[in-house]
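A.B. asks: this one's structure only:
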């Protein structure tokens, strides 16, 4: 039988299941539980958390929907594989539901991706530049179209980021950009009704021009100006 988990008791209130989700997530983030680990049985876990088993089951179902755990019929509950999109899933929901979360994501992009694109400018190769040029050519066609296609825009945005991630040259920085990608997707969904493709295209063209020149400072400034534009759009009523 797995050893009991040292978890502080929760305050008794009507939102116990909601409190329980971050409580369990913290065990995973802190390393107390890792991918493939089996959680204690529901009775033992409920006693450790000092909650009723129906409350625990509700929290476990929420974590299953987020992809954080796997509930195997007759086999117990296991921690799922830890991937960036899984770990950031709860934050993704927060961004979708909370306007302040969107601003926070954009500020994070400005800091993390600003440094990342500066690194990419020093390492980007001719093939990667060609890929970015093709990407912006497709974005140009999309912006010239009579109807906006959100799915096509999202695909092009992801492709642009993927090329930059390859050019960064630092696996830790690249992983940070990858982890931020899911939150950035949520941000783009909220901003689609407030932004125009033409300024976005122009901002990306400025970034690409700096990358072609291997101008790290210029590329970072262009990225920051792009995020500032998105922040302004986010502040619109």
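C.D. replies: On my side now, so go ahead. Because the structure is a prediction, the values reported are computed rather than measured.
A.B. asks: just checking, residue 174 touches residue 167?
C.D. replies: No - if you go by Cβ atoms under 8 Å, residue 174 and residue 167 don't touch, sitting 9.1 Å apart. Where C-beta positions appear, they are placed from N, C-alpha and C, glycine not excepted.
A.B. asks: ok, the two, which is more surrounded?
C.D. replies: Neighbours per residue, other Cβ atoms under 10 Å: of residue 174 and residue 167, the larger number sits with residue 167, 23 against 18.
A.B. asks: ok, so what distance separates the more buried one from residue 118?
C.D. replies: Applying Cβ to Cβ, to the nearest Å, the value for residue 167 to residue 118 is 11 Å.
A.B. asks: And for residue 73?
C.D. replies: Distance of residue 73 to residue 118, given as Cβ to Cβ: 50 Å.
A.B. asks: Just want to know which of these two has more residues nearby.
C.D. replies: Between residue 73 and residue 118, counting by other Cβ under 10 Å, residue 118 is the more crowded of the two (19 against 5).
A.B. asks: Per the annotation, how does the chain divide into domains?
C.D. replies: Domains of the chain are assigned by automatic domain parsing as 16-81, 89-234.
A.B. asks: Can I get the ones you listed in JSON lines including mean pLDDT?
C.D. replies: What follows is these, written out as JSON lines (pLDDT from 0 to 100):
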{"stretch": "domain 16-81", "mean pLDDT": "79"}
{"stretch": "domain 89-234", "mean pLDDT": "80"}
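A.B. asks: For residue 156, which non-adjacent residue is closest in space?
C.D. replies: residue 139 (5.2 Å; Cβ to Cβ, 6 or more residues apart in numbering).
A.B. asks: The one you found touches residue 197, doesn't it?
C.D. replies: Yes - contact criterion Cβ under 8 Å: residue 139 and residue 197 qualify, at 7.1 Å.
A.B. asks: Compare the two and say which one has the larger neighbour count.
C.D. replies: Neighbours were counted for residue 139 and for residue 197 using other Cβ under 10 Å; residue 139 has more, 21 against 16.
A.B. asks: Look up how far residue 162 lies from the closest residue to residue 142 other than its chain neighbours.
C.D. replies: Spatial nearest neighbour of residue 142, excluding adjacent residues (Cβ to Cβ, 6+ apart): residue 152 at 5.6 Å. Distance, residue 152 to residue 162, using Cβ to Cβ: 16 Å.
A.B. asks: follow-up on the earlier one: surely the residue nearest to residue 142 touches residue 141?
C.D. replies: No - counting by Cβ under 8 Å, residue 152 does not reach residue 141; the two are 9.3 Å apart.
A.B. asks: Of those two, which one has the most company?
C.D. replies: More crowded of residue 152 and residue 141, by other Cβ under 10 Å: residue 152, with 14 against 11.
A.B. asks: Over to that one. Which of the three states is it?
C.D. replies: Secondary structure state of residue 152, per DSSP: H, G, I helix; E, B strand; the rest coil, is helix.
A.B. asks: Tell me how far it lies from residue 19.
C.D. replies: Computed with Cβ to Cβ, the distance linking residue 152 and residue 19 is 41 Å.
A.B. asks: contacting residues for residue 33?
C.D. replies: Going by Cβ atoms under 8 Å, 6 or more residues apart in numbering, residue 33 touches 27, 39, 79.
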